[in-house]
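Trainee: starting from these lines, generate the structure:
(chains A, B, C and D)
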Protein chains: 2
Amino acid sequence: MFHALADPTRRAMLHALSNGERTVGELAEPFAMTLAGASKHVKTLESAGLIRREVKGRQHLCRLDAARLADAAEWLSFYERFWTERLNVLDALLREEDAQSDTQGDRR
Amino acid sequence: MFHALADPTRRAMLHALSNGERTVGELAEPFAMTLAGASKHVKTLESAGLIRREVKGRQHLCRLDAARLADAAEWLSFYERFWTERLNVLDALLREEDAQSDTQGDRR
DNA sequence: CAGATATTCAACCACATGGTTGAGCAACTT
DNA sequence: AAGTTGCTCAACCATGTGGTTGAATATCTG
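Mentor: Below you'll find the model as predicted:
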């Protein structure tokens, strides 16, 4: 999933899909890329479970997959919280170190 | 940055660093990998701005870089919020569609 | 039926990636 | 000075990636 998100083209596609369902052709259009190329990105997103596809005649209608995206959001939120927390600790440590070197210089 | 996060080894290293500073050797230790290999990962993290390095004699002390990590956290939080929002819309749409096909069947 | 349209598939290419090895360098240790 | 330690660098290799092209498939349209 992290890998699927790591590509800008794919992130843009997700962005487009956030405004409603799109066919593969529509998803491909904004990019200077062959349909086949874009189709591969769509496939990647699908394998990562981030989108679902409904074959409707000759076009393939894509939409975000709620379940997996919720997972993704949860993951991101975890990381965000995790780091924000650590940053506070880090900050405190640096402050403390500064205070010490102010009074005592660097002892190491 | 997304790319730097996409590798499990690097995520694990960040995790380790969240418990305090570590030398390159210490960061490398948990992995079945040569030092040189691990060193490359550290370099990648450094180029992505996620960590900083302080050369202390012959060892290189690494720590999380507060500034950039805050950026990262913000990004993740944005995506998380963004998607959570869209998921609600998606949910509403699906519910609506269901209600319609219940009374009218699929008209397409 | 004969197109045209929407899409995938398979093969290929250039390039990036994660990894190794071997050498090199700087800094401690004795 | 000689050796060991911590680390990087450069070259290399296998594999994966993003992209292309050309053909195949299936559907709609006349």
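
Trainee: all the strands of chain A, residue numbers only.
Mentor: Under the criterion DSSP state E, chain A contains strands at A:22-23, A:51-56, A:59-64.

Trainee: residue A:62 is in contact with residue A:23, correct?
Mentor: Yes - between residue A:23 and residue A:62 there is a contact at 7.1 Å, judged by C-beta atoms under 8 Å. Glycine gets a C-beta too; all of them are placed from N, C-alpha and C.

Trainee: which one's more surrounded, these two?
Mentor: More neighbours surround residue A:62 than the other of residue A:23 and residue A:62, with 22 against 16 (other C-beta atoms under 10 Å in any protein chain shown).

Trainee: picking that back up, dump the strands of chain A to JSON lines, plus mean pLDDT.
Mentor: Putting the strands of chain A into JSON lines (pLDDT from 0 to 100) gives the following:
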{"stretch": "strand A:22-23", "mean pLDDT": "98"}
{"stretch": "strand A:51-56", "mean pLDDT": "95"}
{"stretch": "strand A:59-64", "mean pLDDT": "95"}
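
Trainee: reformat those as JSON lines; add distance to chain B.
Mentor: Converted to JSON lines, the strands of chain A look like this (distance: least, C-beta to the nearest C-beta, whole Å):
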{"stretch": "strand A:22-23", "distance to chain B": "13"}
{"stretch": "strand A:51-56", "distance to chain B": "8"}
{"stretch": "strand A:59-64", "distance to chain B": "6"}
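
Trainee: pLDDT score for the one residue in chain A that gets nearest to DNA strand D?
Mentor: Residue nearest to DNA strand D within chain A (C-beta to the nearest atom of the strand): residue A:57, separated by 2.4 Å. In this model, residue A:57 is scored at 94, pLDDT.
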